[in-house]
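Chemist: Quick one, fold the following:
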Amino acid sequence: MDVVGYVDRWSGASGDRFHFHVSAERPTYRAELVRLRHGDSHPDGPGFLAERVPSSFDGEHQGVVQPLPTGSHVRIDNLPAMEAITLSAWVWPTTPGGDGQCIFALGDPAGESALSVAFEDGQLTLEASTPAGHIRVTVPGAVEPRQWLFVAATVDHGGVRLYRHAGAFAPGVAATVTSKDSLSGWVPGPGRRLVLARRRVGPANGPCGFNGKLSAPLVFDRALSDVELDRLAADDRAISDSALGRWDFAAECGGVGVPDRSGNGLHGVAVNRPTRLVTGHRFSGRTTQPAEAPEEYNAAHFHDDDLSDADWDPSFAFIVPPELESGVYAARLTAGDKSDYVPFVVRGRPDRPRARVAVLIPTVSYMCYANSALDPSVLPPDLTPLQDTTSCPDERAYVRRHGLKSLYDKHSDGSGVCMATMLRPMPVNARPNGRSMLNGSAHQLGADLSILHFLDASGITYEVLTDHDLHQEGAAALSPFSVVLSGTHAEYWTGSMLDGLEAYQQAGGRFVYLSGNGLYWVTALSEDGALAEMRRHHGTRSWTAEPGEAHLSLTGELGGLWRHRGRAPQRYVGVGFAAQGFGAGSPYRRTPASRDPRAAFIFAGVTNEVIGDFPVLVAAHGAAGYEVDRADVDLGTPPHALVVASATGLDDSYQNAIEDTEGMTPYHGGTNCPRVRADMVFYETPRDGAVFSVGSIAWCSGLSYKGYDNDVARITENVVRAFATPGPLPGVVRPAP
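Modeler: Prediction:
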């Protein structure tokens, strides 16, 4: 991409400042503010619509190429002067045969390392540099991936020693192997920097890093003897009390600090967020609760493609003026004939009455999906007949070239990506004009803009909020509005978000769920909201967490599905994930419950029994598709809920969600499994509140059919207008006081 950027916050109101960070491969680029009106460029819809809005940053800007310094590591500064040193750790390498797999590096922060221990060509190697020269020591024998090793290096004026002890028995292989060499001119000067999992001691410059886990790292200000190293290999607690530095990866996992338990104050800083709350070399499996056995979780998993903050220099800023209406906006960056859109949300102005309607933009889901490189070829072609691998070629090439990842991808060492940051370019899946490879349709932001364009076309005034606002403010973010609409795929929710939605509903708030597969994954946000984390160990997933690694490091809570924590989506919106598929969708058919007087307002002006039986912009045909949800009283759908329509008849590219399936059989597809369906649900909540749910990602892509003159649009408008009107809903019988 000739120009690409990111912004430092998702939303702001009048007076708030956004900082934009841009990298351009041309000498100059143009920036301008646009309001995003409609994202999907499909010829059967309104097309891509972005409206110019004058702003303070409009104009030409100087182009600068800004690097993406991927790779996680830990930095410990200001080590004291030492006449001798011992470095040790338990190591679980995942790509020991790769280049640059450095475990320790010690040196001047302004220069190169003076001492490093790394895997080179699959062997453990020590390199040391002094004014007298350079030496290299290698322990013979290949290192196997995903096996725990105890590694130690000692240096003093007499020489160096490299020590390796295998954590597991292997026939014909010595458990302990050492190599030694003489060394002169060792400089024990103060102010040295120790880096774990990275060779370069100075500033980052391009990709770097180690793949694998480090557990229980220690530093001693003396050269341990062979006997002491043997004791340390047998039990790293044996002499750890005498260590100069003793770092605890299991503590303070929610931040970037790595505390030193030696009492010497040599606390570390984790750069690019290595994965914490992972199992260490002592993991026994007797418990999978990190809080019950923190010594078994004294480890971090480093990856050479981790990235928590691109840390680009700011390129320009924007302060929201008081006259700017609430909506979804973007900084449009243009260099030559190439453009990037960096989206953000403007909330309502405090100096005017709020609208009655709000749209909750799923920014947490945007972060988690951003830059997905999920290859459709992993699915059989007959299950993805609509796939389009040619869409967004420049954006996808940029993502591949820089090793950017989504939470659907795997790291270069094959482990699942469980953290995603907004402080990086997100040209795939978080742009208004993006398209999914799996079915060639708009997804996430591009699909959610169809809701805003529908409201504009219907003359319904609205404001826009984000998941981040709900997470930070809870029900207070929603309470000014009579009705809140979800996005089309609001999948990732934090506990604070669920709490806020539930409190809003209990206070009489009304919620319109226009999503499929929403409120699904347990997700956590960092304190500043820039980082999202989840762990996949149940549910429909693209990777599976290692045993014992189901808890989120940011909060310590159990990850996976909200359903498995008693908080299934049905409890909040009446429906929950039933199936996904990447072929054609299906229309809904009204049920007898749709004739209930309580539901009459929903179907005012609707004469058809079949709803959405026409081409839609997602899933090709039929308003139920892509991912669909169903009602289930056992999972929390209120018993008084009305299932007013259902969509069945989906093909076998739609398979019942794995969490519903207790045993694998050939009978879980859309042609023969009754659980594979989308349910349209309505029910009342306390204080004249209500919920209406469609349970389909494809629903909103049918709004614009025939210029919004169709039953999907009519039903949606009926519900939004009724929900926005104060007082009891038409036909609803209020309970006796």
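
Chemist: Give the full set of residues in contact with the residue lying closest to S458 once chain neighbours are set aside.
Modeler: Closest residue to S458 apart from its sequence neighbours, by C-beta to C-beta, 6 or more residues apart in numbering: E717 at 5.2 Å. Just so you know, the C-beta spots here come from the backbone N, C-alpha and C atoms, and that holds for glycine as well. By C-beta atoms under 8 Å, 6 or more residues apart in numbering, E717 lies in contact with F454, S458, I460.

Chemist: so which of these is the most crowded?
Modeler: Ranked by neighbour count (other C-beta atoms under 10 Å), the contacts of E717 have F454 at the top, with 23 neighbours.

Chemist: can you map out the strands along the stretch 351-500 of the chain?
Modeler: 357-361, 419-421, 462-466, 483-485, 492-493 (DSSP state E, counting those that start in this stretch).

Chemist: got it, and the stretch 201-350 of the chain?
Modeler: Along the stretch 201-350 of the chain, the segments classed as strands by DSSP E, counting those that start in this stretch run 212-220, 245-246, 257-258, 268-271, 299-302, 316-319, 327-335, 338-346.

Chemist: With mean neighbour count, distance to F104 and mean pLDDT as extra columns, can I get those strands in a markdown table?
Modeler: A markdown table is the format used below for these (neighbours: other C-beta atoms under 10 Å; distance: least, C-beta to C-beta, whole Å; pLDDT from 0 to 100):
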| stretch | mean neighbour count | distance to F104 | mean pLDDT |
| --- | --- | --- | --- |
| strand 212-220 | 25 | 8 | 97 |
| strand 245-246 | 22 | 11 | 97 |
| strand 257-258 | 20 | 14 | 98 |
| strand 268-271 | 21 | 12 | 97 |
| strand 299-302 | 28 | 12 | 98 |
| strand 316-319 | 16 | 40 | 98 |
| strand 327-335 | 22 | 41 | 98 |
| strand 338-346 | 22 | 39 | 97 |
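
Chemist: Kindly reformat those as TSV containing distance to R721.
Modeler: TSV is the format used below for the strands of the stretch 201-350 of the chain (distance: least, C-beta to C-beta, whole Å):
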stretch	distance to R721
strand 212-220	55
strand 245-246	64
strand 257-258	51
strand 268-271	50
strand 299-302	51
strand 316-319	34
strand 327-335	20
strand 338-346	24
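
Chemist: W543: which of those strands is closest?
Modeler: Set against W543 and scored by C-beta to C-beta, the strands of the stretch 201-350 of the chain come closest in strand 299-302, at 13.3 Å.

Chemist: Please list the outside residues in contact with that closest one.
Modeler: For strand 299-302, the external contacting residues (C-beta under 8 Å, 6+ apart) are 71-74, 90, 92, 196-197, 209-216, 249-250, 258, 270, 274-276, 278-281, 415.

Chemist: Mind checking which of those land in helices?
Modeler: Among the contacts of strand 299-302, DSSP state H puts none in helices.

Chemist: just to revisit the earlier point, so what does the residue nearest to S458 have for phi and psi?
Modeler: phi -70, psi -40 (degrees, to the nearest 10).

Chemist: how close does it get to Q472?
Modeler: E717 sits 31 Å away from Q472, going by C-beta to C-beta, to the nearest Å.

Chemist: try T591
Modeler: Distance of T591 to Q472, given as C-beta to C-beta: 39 Å.

Chemist: now do L232
Modeler: For L232 relative to Q472 (C-beta to C-beta), the value is 45 Å.

Chemist: Look at these two and report which has more neighbours.
Modeler: Set L232 next to Q472 and count neighbours by other C-beta under 10 Å: L232 wins out with 24 against 17.

Chemist: who's in contact with the more buried one?
Modeler: L232 neighbours (C-beta under 8 Å, 6+ apart): S88, F150, A152, L218, L224, A238, I239, S240.

Chemist: secondary structure class for the second one?
Modeler: In this case it means F150. Here F150 is recorded as strand under DSSP: H, G, I helix; E, B strand; the rest coil.

Chemist: Just confirm P639 contacts A631, I think it does.
Modeler: No: the criterion here is C-beta atoms under 8 Å, and P639 misses it with A631 at 10.5 Å.

Chemist: And those two? Which one has more around it.
Modeler: Under the criterion of other C-beta under 10 Å, the comparison of P639 against A631 puts A631 first, with 26 against 6.

Chemist: What separation do you get for the nearest residue in space to D311 that is not next to it in sequence and S406?
Modeler: Once flanking residues are discounted, D311 sits nearest to P69: 7.1 Å by C-beta to C-beta, 6+ apart. Using C-beta to C-beta, we find P69 at a distance of 19 Å from S406.

Chemist: Ok, S182 next?
Modeler: 50 Å.

Chemist: The top strand by length along the chain vs strand 338-346, what angle?
Modeler: Longest strand in the chain by number of residues (criterion: DSSP state E): strand 28-38. Using axes from the mean of the first three to the mean of the last three C-alpha atoms, to 10 degrees, the inter-axis angle of strand 28-38 relative to strand 338-346 is 50 degrees.

Chemist: hey, C-alpha coordinates of the next helix or strand after strand 28-38 in CSV?
Modeler: Downstream of strand 28-38, the next assigned helix or strand under DSSP states H and E is strand 49-53. What follows is strand 49-53, C-alpha atoms only, in CSV (Å, rounded to 0.1, in the frame of the first residue of the first chain):
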residue,chain,number,x,y,z
LEU,A,49,-20.7,6.4,-0.2
ALA,A,50,-18.3,8.7,1.6
GLU,A,51,-19.3,12.4,2.0
ARG,A,52,-16.6,15.1,2.3
VAL,A,53,-16.6,17.1,5.4
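
Chemist: now strand 49-53 and strand 338-346, what's the angle there?
Modeler: Angle, strand 49-53 to strand 338-346, by the same axes, to 10 degrees: 70 degrees.

Chemist: where does the stretch 151-300 of the chain dip in pLDDT?
Modeler: 188, 203-208 (pLDDT under 70).

Chemist: again, only this time at 80
Modeler: Counting by pLDDT under 80, the low-confidence segments of the stretch 151-300 of the chain come to 172-173, 184-191, 202-209, 236.

Chemist: before we move on, what about the stretch 501-650 of the chain?
Modeler: 619.

Chemist: which residues of it fall in strands?
Modeler: Under DSSP E, counting those that start in this stretch, the stretch 501-650 of the chain gives strands at 510-513, 521-522, 524-525, 531-533, 575-580, 588-590, 610-611, 627-631, 642-647.

Chemist: Contacts for whichever helix or strand comes after the last one, please.
Modeler: Scanning forward in sequence from strand 642-647, with DSSP H and E defining helices and strands, the next element found is strand 655-656. Strand 655-656 is contacted by residues A578, A579, Q580, G581, H668, G669, G670, C673, R675, V676 when judged by C-beta under 8 Å, 6+ apart.

Chemist: and with 7 Å instead?
Modeler: Residues outside strand 655-656 that contact it (C-beta atoms under 7 Å, 6 or more residues apart in numbering): A578, A579, H668, G669, C673, R675, V676.
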